[in-house]
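In: the sequence isn't on hand, but the structure is:
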DNA sequence: GCGGATGTTTTTAACGTTCAAAACGTCTGT
DNA sequence: ACAGACGTTTTGAACGTTAAAAACATCCGC
């Protein structure tokens, strides 16, 4: 494996000149640059990242803790990871995966990775209400950026990127309204989830704005499963005044809604419009296709990396907007 | 951030002695070791990984290319990644994610990561029939291990770990047999997929062994979707002699089967037993739960890492066995 | 008391890169 | 012809670690 030294010898220049050819080519006389570049190419030289990192004390690696415990089935995690990787690579960086205990118990792991210089900083996701990680990292002076706000805190401990769940629900409600629905229900999660409150809040205010009823049209599920979604839908349909549109907080719950509709001989789209959240692979694979709110993964990843690696201390809070992907489940009745 | 030098000064020994305290403690006199360890603790010293890697030329990072879009099995990718991370960490290593063009077009990326010493080697997954990556890496002398065999080649280019798809299907068939089914169908993929042929082959030979019919009970879907699974199931049920058991090549296809059964007022389990493959999060979340073949992710990851990081050149081919997770979809009729 | 064996610690020299400063060359204006 | 300025290249040192060899200490048997 060729080193700077060998390239230098071959091009008959000093080692530093070769280094400059790569890192500050404008400093070289054009003909020298040419000669050096030819040698680099000929010897197939690639800089040794470890030596570089040792000298500059920047490893160009970003830590990401791979979510462990089975909370809401992370059906879009691979999309996120792919986008994050790609965004990191666009800045010459890479993602280093690791596992850690959830909550504050995992912090020594984060600290260790940073102290041993395996990573420059972290991208946090699966942010929870009162997530203790953010404050801890901030205190230690370890760089990080969060995908998701730490809900219910007035000031956010550190930079974040998030998707406007309220806005997303509102989009869904308006779309259902535009396709003729006038009683639009919401199937959500327990109150403890900040994300859940965000999304349900958007539904509620959109209904108000459009003059639609909300009373008796809001159901909380105990967990994120098809079964729970079906049960909630059944309850809604059995009520005195059943809905003609359903905004579900997740694709999985929406799938439950679709199933219950089918079971009753109703057609999603024609009889009741249904929307999901996250545009998981499932949304595309069911029939009729599930209208769902797609998180702009590429943009999210791009912003996360930009904030984490940027010098710019302004613009460290970014609220992005989901996109409504319309499929058969909301076809006009 | 403390360095060896500072610890050495504090403990009043040479730098090398501190290094030995960490890497070869048996060489130190117990009291010296004690003293050094106290200094290490006191100064909260953590070895700088870059310096170490530069010296030893081993980065303790393993590259894994995050699968990009349309793939059949990415519902269990997060399980796999988590297991892989954990297994790597048990050996003091970590996983570095990257993106690359599929096929041979992505090989320069692999080469580059290795040449720049960002990784020691690679774990390949999403192995395809005639996958060109294996041969290429072998030729370059870049260490790797494959999750999945390169199908239809007599000699495998390099070490691999795989799950016995044929054995898995056979397990499913036998389980359906044990719960009283006697006409067991198979819903599969196009012939081009080695993995598909492996699994369907297992179904066929198990049927033969048990004296069950196979004629007219094998359907190939064009793609891995719920819709296709439902269509295949419809075709089977409409045939002259419909099946009482269905082994689907994937959970998604099995979900299609469940849907079609429900649509016809049949109960999965009671009327027709259905099994899937991979035990994706979906299997648990549908109702009735889907009986499915779980890949032993932890063991797979463990073996992959062991082979990649081991010095042992024997035992570089491991065929593991899936486990049948029994749920409602195969409840005895 | 001395050669040799064994156990512990230090010295020296890298690993491959970049930073900072110095050196060298060439040009400009006076 | 010479100081100064600028552009290009080289020199020397450092980043934090470990391998290998050398040095030192201790103990044993004779």
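Out: Received it, and whenever you're ready, just let me know what you need. Because the structure is predicted, anything quoted here is derived from the model rather than measured.
In: got the contact list for the longest helix seen in chain A?
Out: Criterion DSSP state H: the longest helix present in chain A is helix A:194-210. Identification of contacts with helix A:194-210 by Cβ atoms under 8 Å, 6 or more residues apart in numbering or on different chains yields A:128-129, A:148-149, A:151-152, A:164-170, A:172-174, A:177, A:184, A:186, A:188-191, A:212-214, A:217-218, A:247, A:249, A:277. No exception for glycine: its C-beta is placed from N, CA and C like everyone else's.
In: surely residue A:48 and residue A:19 touch.
Out: No - contact criterion Cβ atoms under 8 Å: residue A:48 and residue A:19 do not qualify, at 11.7 Å.
In: the helix or strand that the longest helix of chain A is followed by pairs with which strands?
Out: Counting by DSSP states H and E, the next helix or strand C-terminal to helix A:194-210 is strand A:218-220. The strands that strand A:218-220 pairs with in its sheet are strand A:184-188 (parallel) (by DSSP bridges).
In: tell me how far the partner strand lies from the chain's centre.
Out: Offset of strand A:184-188 from its chain centre (Cα atoms, centre = their mean, to the nearest Å): 23 Å.
In: enumerate the residues of the stretch 51-200 of chain A near DNA strand D.
Out: A:51, A:54, A:55, A:57 (Cβ under 7 Å from any atom of the strand).
In: and the closest residue to residue A:225 other than its chain neighbours, how far from residue A:234?
Out: Excluding its sequence neighbours, the residue lying closest to residue A:225 (Cβ to Cβ, 6 or more residues apart in numbering or on different chains) is residue B:285, at 4.5 Å. Remark: distance between residue B:285 and residue A:234 (Cβ to Cβ, to the nearest Å) = 17 Å.
In: between those two, which has more neighbouring residues?
Out: More crowded of residue B:285 and residue A:234, by other Cβ atoms under 10 Å in any protein chain shown: residue B:285, with 20 against 16.
In: ok now do that one, which residues does it touch?
Out: Residues in contact with residue B:285 (Cβ under 8 Å, 6+ apart) are A:73, A:224, A:225, A:226, A:227, A:252.
In: for the residue of the stretch 51-200 of chain A found nearest DNA strand C, pull up the helix or strand it's in.
Out: The nearest approach of the stretch 51-200 of chain A to DNA strand C comes at residue A:51, 3.3 Å away (Cβ to the nearest atom of the strand). Secondary-structure element containing residue A:51, defined by DSSP H and E: helix A:49-56.
In: packing partners for that helix?
Out: Applying 3 or more Cβ pairs under 8 Å, 6 or more residues apart in numbering or on different chains; DSSP states H and E, one finds that helix A:49-56 contacts helix B:49-56.
In: tell me the angle of the helix it packs on relative to helix A:49-56?
Out: When axes from the mean of the first three to the mean of the last three Cα atoms, to 10 degrees is applied, the directions of helix B:49-56 and helix A:49-56 differ by 130 degrees.
In: on that earlier part again, out of residue A:48 and residue A:19, which sits in the more crowded spot?
Out: Higher neighbour count among residue A:48 and residue A:19: residue A:48, with 20 against 17, using other Cβ under 10 Å.
In: chain neighbours aside, what residue packs nearest to that one?
Out: That would be residue B:117: by Cβ to Cβ, 6+ apart, it lies 5.2 Å from residue A:48.
In: roughly how far apart are the one you found and residue A:37?
Out: Computed as Cβ to Cβ, the residue B:117 to residue A:37 distance reads 22 Å.
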